[in-house]
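> Need a 3D model of the sequence below.
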Amino acid sequence: MLMFRERGPAIHSLRGWAISVLNEAGAIRECGQHGWIQDRGDPHAHDRAFDVARQNPPEGYSPEAAAVAIAEVLESIGDTCPECPPEEIV
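Numbers count the residues shown, from 1 in each chain. Below is the predicted model:
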């Protein structure tokens, strides 16, 4: 017999939601070799992510808490992968 399970919440953590929003806005990317999240440094993409946070926060969170989560993720990542060798400037 086929059994159905009740679905859990759409997000597992506010940080995970923030990473998803930043990714969809084009504000972050993933290192293809190591998987580290990197900030693309695109201010327009950052603005789009903050707009989503303020206008459509996840259920159970205020717009302010969602915007803070976006800011915390951006503050916690860099624009380079810590495992990739530094690029040589020519």
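> wait, what's in contact with the most centrally placed residue in the chain?
In the chain, the residue lying closest to the centroid (Cα atoms, centre = their mean) is Ile19, at 1.6 Å. Counting by Cβ atoms under 8 Å, 6 or more residues apart in numbering, Ile19 touches 28, 37, 73. In short, each C-beta sits where N, CA and C put it, glycine included.
> In helices, which of those appear?
Those of those mapping onto helices are Val73, per DSSP state H.
> Quickly name whichever of the contacts of Ile19 is closest to Asp47.
Ile28 (13.9 Å; Cβ to Cβ).
> Could you report the neighbour count for the residue lying closest to that closest one once chain neighbours are set aside?
When the adjacent residues along the chain are set aside, Ile28 lies closest to Leu22, with 4.6 Å between them (Cβ to Cβ, 6 or more residues apart in numbering). By the measure other Cβ atoms under 10 Å, the count of residues near Leu22 is 27.
> start the count at 11, not 1, going forward
Okay, residue one is now 11; in that scheme the one you just asked about reads as Leu32.
> Would you confirm that Leu32 contacts Leu84?
Yes: counting by Cβ atoms under 8 Å, Leu84 is a contact partner of Leu32 at 7.2 Å.
> pLDDT, distance to Cys94 and neighbour count for the contacts of Ile29 - can I get that in a markdown table?
Shown next, in a markdown table, are the contacts of Ile29 (pLDDT from 0 to 100; distance: Cβ to Cβ, whole Å; neighbours: other Cβ atoms under 10 Å):
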| residue | pLDDT | distance to Cys94 | neighbour count |
| --- | --- | --- | --- |
| Ile38 | 97 | 16 | 25 |
| Ile47 | 94 | 13 | 16 |
| Val83 | 97 | 20 | 22 |
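> how about the contacts of Ile29 in JSON lines, adding distance to Glu93?
Output for those, formatted as JSON lines (distance: Cβ to Cβ, whole Å):
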{"residue": "Ile38", "distance to Glu93": "17"}
{"residue": "Ile47", "distance to Glu93": "12"}
{"residue": "Val83", "distance to Glu93": "19"}
